[in-house]
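J.: Here is a sequence together with a model predicted from it:
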Amino acid sequence: MTAKAIQIAPSILAADFTKLGEEVRAVTAGGADVIHIDVMDGHFVPNLTFGTLIVEAVRRTTHLPLDVHLMIEQPERYIEAFAEAGATMINVHVETCPHLHRTLQHIRAAGAKTGVALNPHTPFELIREVLPEVDRVLVMTVNPGFGGQRLIPATLNKVRRIREAITALGQPIELGVDGGIDLSTIAEVAHSGADVFVAGSAIFGAAEGIPAAMSALRAAAMPSHPAG
């Protein structure tokens, strides 16, 4: 089979919020594939970020898919609101969803694509039974809550196992990674089987500028990306 397409997903958590519209337009023009929006509640993760108003504002600013990552407790309470705000995909954490299958059905009924995220310590086996219902698995390669962290190397074995399971299933399920993605890590992560790369400070904080940073990340991922 041919190598899977690489997707670069800039995380606006690292953007300059005094000029958010300008930053979103810059990554759109620079070749981003999707915009990643981290929603944090200060309970499930130790940080507070933004809600539906920011999603609506970003939706008005770009034509790109919006990838909303709900790092919140009781995410099922907010699915319709984020779908209506413009979310293309809604990612929920297995750790916050005791009825994960129902929550995935809820997301799809709201008109969004389904994503399931796993924290670094969470075993892949907890989502194996719902894998056929998922459009993307998102592996946290850092402990969620803050940007700019170093990738946890042990998480790459989980990425490899999930890629094997997706390949065996034979469905077009994306495999994303979130945390510590930069020029020093993206090639190894790609080789492990990921095809969607969430990056924040490596893009918005790059000295060479946003377009050059994204081009460099994509180029670094491509040579090492396996067929699958």
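T.: Perfect, thanks for sending it. Residues are numbered from 1 along each chain as shown.
J.: quick one, phi psi at residue 199?
T.: phi -140, psi 140 (degrees, to the nearest 10).
J.: so who does it touch?
T.: 8-11, 181-182, 186, 217 (Cβ atoms under 8 Å, 6 or more residues apart in numbering). Just so you know, the C-beta spots here come from the backbone N, C-alpha and C atoms, and that holds for glycine as well.
J.: swap in residue 123?
T.: By Cβ under 8 Å, 6+ apart, residue 123 lies in contact with residue 158.
J.: One more pass at 10 Å, please.
T.: Contacts for residue 123 (Cβ atoms under 10 Å, 6 or more residues apart in numbering) come out as 94, 158, 161.
J.: Name the nearest of those residues relative to residue 132.
T.: Proximity of those to residue 132 (Cβ to Cβ) peaks at residue 94, which lies at 15.2 Å.
J.: Quick one: low-confidence residue ranges for this structure.
T.: 1-4, 145-148, 223-228 (pLDDT under 70).
J.: ok, which stretches of it are strands?
T.: 7-10, 35-40, 66-71, 89-93, 113-118, 136-140, 174-178, 196-199 (DSSP state E).
J.: Just the CA trace of the third one, in CSV.
T.: Taking Å, rounded to 0.1, in the frame of the first residue of the first chain, the C-alpha atoms of strand 66-71 are listed here in CSV:
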residue,chain,number,x,y,z
LEU,A,66,-11.4,22.4,12.8
ASP,A,67,-10.2,19.6,15.1
VAL,A,68,-11.6,20.2,18.6
HIS,A,69,-9.9,18.4,21.4
LEU,A,70,-12.1,18.2,24.5
MET,A,71,-9.8,17.8,27.5
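J.: That strand: partners in the sheet, and parallel or antiparallel?
T.: strand 35-40 (parallel), strand 89-93 (parallel) (DSSP bridges).
J.: Tell me which of these sits most buried.
T.: With neighbours defined as mean count of other Cβ atoms under 10 Å, the strands paired with strand 66-71 peak in mean count at strand 89-93, which reaches a mean of 26.
J.: Tell me the gap between that one and the middle of its chain.
T.: How far strand 89-93 lies from its chain's middle: 9 Å, per Cα atoms, centre = their mean, to the nearest Å.
J.: Also compute the angle for it relative to strand 174-178, please.
T.: 60 degrees (axes from the mean of the first three to the mean of the last three Cα atoms, to 10 degrees).
J.: Just want the angle from strand 89-93 to strand 136-140.
T.: 50 degrees.
J.: going forward, begin numbering at 546 instead of 1
T.: Will do, 546 is the new start, and the previous item becomes strand 634-638.
J.: burial measure for residue 728, as a count.
T.: Using other Cβ atoms under 10 Å, residue 728 has 15 other residues around it.
J.: correction: residue 694
T.: 15.
J.: Check the gap between it and residue 725 for me.
T.: Note on residue 694: its distance to residue 725, by Cβ to Cβ, to the nearest Å, is 6 Å.
J.: any residues in contact with both of the two?
T.: Common neighbours of residue 694 and residue 725 (Cβ under 10 Å, 6+ apart) are 686-687, 745-746.
J.: Noted, bye for now.
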